[in-house]
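>>> Below is the sequence, then the predicted model.
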Amino acid sequence: MLKDIDLEKILFLDIETVSQYPNYEQMTDKLKSLWDKKANYLIKDEQTPADVYDKAAIYAEFGKIVTISFGYFRKKNDKTALFVKSAYSDNEREVLLKFNRLLDGYFNTERHYLCAHNGKEFDFPYIARRSLIHGIKVADILNTPGAKPWEIRHLDTLELWKFGDYKHWTSLDLLTTIFNIPSPKTDIDGSMVGKVYWEEKNLERISKYCKNDVVAIAQLYLKYINKPLIPQELIFFK
């Protein structure tokens, strides 16, 4: 039961990913041929694999992580506050090393949990897969193959909202709207991350967007357990 989980033992997180190359033409010949096969499931009408290359970002085999943002609840002057940080770099290996060390160092007991929106399908496996590709030890809390269901300490605000219903996907933006949570959206949305990264070279802008999503996920979780939202003055960005 969610009410039995200590709020201070949950790490809320979100990742932003981009394609490994600025465009289809710059891929290696081998990767091009493999993307062409993958793209067969994505193209419509007269589209070509190059036309859908922007979707490469969502696949760990063809994309990469440029930022991981995370937040946690702690007491500050006897009030519950939310602290949000971000690891971002053009060097994906550097980001993954920092994050996996954080998990193994501070979120590595049977009482700790990770929480993300659609995290079980996207964020958690993506981090684990990209870590393996870089030869990095996957943090214990993410290393779930072979684990029993009750040993997996992952919370997913999308899955929790379904209540067992598997018919549709509900966006974080929609959920924050219906729960009257201040919108996490800034001047960009998820569809613009690749352009901001490859054309504007603006990682800080992407990091800010990612951190705002972490705030939204944490606030949404509070709604799920019938707790009041954290006021803006108690949200601290580092």
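Thanks, I have the structure now.

>>> Flag every buried residue along the top strand by length along the chain.
For the chain, the longest strand by residue count, based on DSSP state E, is strand 63-76. Neighbour counts over strand 63-76 (16 or more other CB atoms under 10 Å) mark Gly63, Lys64, Ile65, Val66, Thr67, Ile68, Ser69, Phe70, Gly71, Tyr72, Phe73 as buried. (Each C-beta comes from the backbone N, C-alpha and C, glycine too.)

>>> partners of it in the sheet?
strand 10-19 (antiparallel), strand 79-88 (antiparallel) (DSSP bridges).

>>> So which residues make contact with the very next helix or strand once past the last one?
Same thing as strand 79-88. Using DSSP states H and E, the helix or strand that follows strand 79-88 in sequence is helix 92-106. Helix 92-106 has contacts (CB atoms under 8 Å, 6 or more residues apart in numbering) with 11, 64-68, 70, 87-89, 114, 127, 130-131, 134, 136-142.

>>> Separate out the buried members of those residues.
Listed as buried from the contacts of helix 92-106 are 11, 64-68, 70, 87-88, 114, 127, 130-131, 134, 136, 138-142; burial here means 16+ other CB under 10 Å.

>>> got any ranges where the chain has weak pLDDT?
In the predicted model of the chain, residues 184-186 satisfy pLDDT under 70.

>>> who's in contact with the residue most central in space within it?
Most central in the chain under CA atoms, centre = their mean is Asp14, positioned 2.7 Å from the mean C-alpha point. By CB under 8 Å, 6+ apart, the contact set of Asp14 is Ile68, Ser69, Phe70, Ala116, His117, Asp123, Cys210, Lys211, Asp213, Val214, Ile217.

>>> Looks like the fourth one contacts Pro125 (just checking).
Same thing as Ala116. No: applying CB atoms under 8 Å, one finds Ala116 not in contact with Pro125, separated by 11.0 Å.

>>> So which of these two has more stuff around it?
Between Ala116 and Pro125, Ala116 has the larger neighbour count (other CB atoms under 10 Å), namely 26 against 14.
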